[in-house]
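Novice: Next come a sequence and a model predicted from it.
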Amino acid sequence: MTRFYSIDDANETMAEVEPILAALRDERQELIRLRDRALAGRSSGTTDGETREAERLLRLRMQGLIDQMQAGVMRLDEMGVTLRDIESGLIDFAALVNGRQVWLCWRLGEGPIEWWHELDTGFASRQRLIDLV
């Protein structure tokens, strides 16, 4: 069952949501950096024991990051927050306005929630909350 947020409830939730989004963004950047390092190591062609151990440790670190990211995404899902984009920290909260379902839209770095969009549109079509009727 979908949880519907009021604007006040969504804003109150941001104290917990914002650090999760920041962590996900940072973990994603670190995962990309480690992936690039692993790919560069493979192209070098050396396969001595020390290199294999370094690759194993790199894979373990990458798996740890993936596990942390999955936990963050699951926490957002448990809260009824829809994650749209990790890199920008873009999320939506389901809301009911005058019996109509809409998305309250927020992105990492913004202040209080000020945007919304229709269910079948996205970030590019978001509008100010004061225009919501």
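Specialist: Nice, thanks for sending it over.
Novice: ok, now how distant is the residue in the chain sticking out farthest from the centre from residue 55?
Specialist: Ranked by distance from the centre of the chain (Cα atoms, centre = their mean), the top residue is residue 48, with 38.0 Å. Separation of residue 48 from residue 55 (Cβ to Cβ, to the nearest Å): 11 Å. Every residue, glycine included, has its C-beta placed from N, CA and C.
Novice: Equivalent analysis for residue 61, please.
Specialist: 11 Å.
Novice: now do residue 122
Specialist: 39 Å.
Novice: cool, and residue 27?
Specialist: For residue 27, the distance to residue 55 - Cβ to Cβ - is 20 Å.
Novice: In this structure, where's the longest helix?
Specialist: Longest helix in the chain, counting residues (DSSP state H): helix 7-44.
Novice: Tell me the backbone dihedrals of residue 121, please.
Specialist: When read as degrees, to the nearest 10, the backbone of residue 121 gives phi -120, psi -180.
Novice: burial count for it?
Specialist: 13 (other Cβ atoms under 10 Å).
Novice: Which phi and psi values does the nearest residue to residue 128 once chain neighbours are set aside adopt?
Specialist: Nearest residue to residue 128, sequence neighbours excluded (Cβ to Cβ, 6 or more residues apart in numbering): residue 114, at 6.1 Å. Dihedral angles of residue 114 (phi, psi; degrees, to the nearest 10) stand at phi -130, psi 0.
Novice: what comes up buried for stretch 112-129?
Specialist: Judged by neighbour count using 16 or more other Cβ atoms under 10 Å, the buried positions of stretch 112-129 are 113-117, 126, 129.
Novice: thinking again about what came up before, so for residue 61 and residue 55, which residues contact both of them?
Specialist: Applying Cβ atoms under 8 Å, 6 or more residues apart in numbering, one finds that no residue jointly contacts residue 61 and residue 55.
Novice: Noted, bye for now.
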